[in-house]
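A.B. asks: whatever this is, show me its structure:
(one chain, ligands or ions: 1)
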Amino acid sequence: MNYNKAVFVKSAQKISQLPADSNAEVAFAGRSNAGKSSALNTITNIRSLARTSKTPGRTQLLNYFKIAQHHYLVDLPGYGYAKVPGEVQVDWEKTLSEYIETRPQLRGLVLIMDVRHPLKDQDQQMIHWVTSQNLALHILLSKADKLTRGAAANTLLQVKKDLDLYGDLVSVQLFSSMKNTGVDEARAKLDTWFA
Ligand code: GDP
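C.D. replies: Below you'll find the model as predicted:
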């Protein structure tokens, strides 16, 4: 798949507004500030791609990027942002869980977690939602450059161990948008899902 071909096509507020021509899509999720936009930019090699998702008014929407005919990457709203009022938070959760539970085109979900703060409550909730749908999950432990090689490797091992119970459904890798590490591995995983 040529991820460099990604172009923004639409923002959807509700499940009913998702593109009808999608045959296969992979969604990106994570806590606000985990590095999701940067990861999307790095994987597609288009610096400005996920900035589109950050324009005011679009942060609570599902943002669709077309990478090929009938194939999409989906930038899901970041979660856990303290400044969001409780009601809005609940709305997002409803939309997110509905999306994961009712979108047959969804091939897998990429979850971005800051390597320094992995497996927060909402991450665990997301992992639970996704795997209980028998949907594949790939975790990027982002900002790996912020730790020493040894510390990053230890975190990778620990997170793998914690998620061992999910078996092949869940995979984990180190990633850094700043240093461009783990990009080929991430693209290879997406390729298997789109194949
Ligand atoms: P998002 O809210 O999850 O979309 O997070 P962003 O991609 O906007 O990143 C949040 C902050 O983390 C920004 O200041 C980024 O520059 C920084 N950041 C993202 N990825 C990396 C990385 O790989 N390494 C480092 N050192 N900083 C990063």
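
A.B. asks: partner residues bridging the residue most central in space within the chain?
C.D. replies: Centroid-nearest residue in the chain, with C-alpha atoms, centre = their mean: residue 28, separated by 1.9 Å. Assessed by DSSP bridges, residue 28 has beta-bridge partners residue 75, residue 110.

A.B. asks: just the pLDDT for the residue lying closest to residue 120 once chain neighbours are set aside.
C.D. replies: Nearest residue to residue 120 in three dimensions, chain neighbours excluded: residue 31, at 6.3 Å (C-beta to C-beta, 6 or more residues apart in numbering). Any C-beta I mention is one placed from the backbone N, CA and C, and that applies to glycine too. At residue 31, the pLDDT value in this model is 92.

A.B. asks: quick one: contacts for residue 31?
C.D. replies: By C-beta atoms under 8 Å, 6 or more residues apart in numbering, the residues touching residue 31 are 78-81, 113-114, 120, 122-123.

A.B. asks: mind listing what's buried in the lengthiest helix in the chain?
C.D. replies: Longest helix in the chain by number of residues (criterion: DSSP state H): helix 86-102. Neighbour-count burial for helix 86-102, with 16 or more other C-beta atoms under 10 Å as criterion, is recorded at 89, 92-93, 95-96, 99-100.

A.B. asks: which of those sits closest to residue 179?
C.D. replies: Of all those, residue 179 sits closest to residue 96, with 29.8 Å by C-beta to C-beta.

A.B. asks: show me what contacts the residue nearest to that closest one when sequence neighbours are not counted?
C.D. replies: Sequence neighbours aside, residue 76 is the residue nearest to residue 96 in space, at 6.3 Å (criterion: C-beta to C-beta, 6+ apart). By C-beta under 8 Å, 6+ apart, the contact list for residue 76 reads 27-29, 62, 96, 99.
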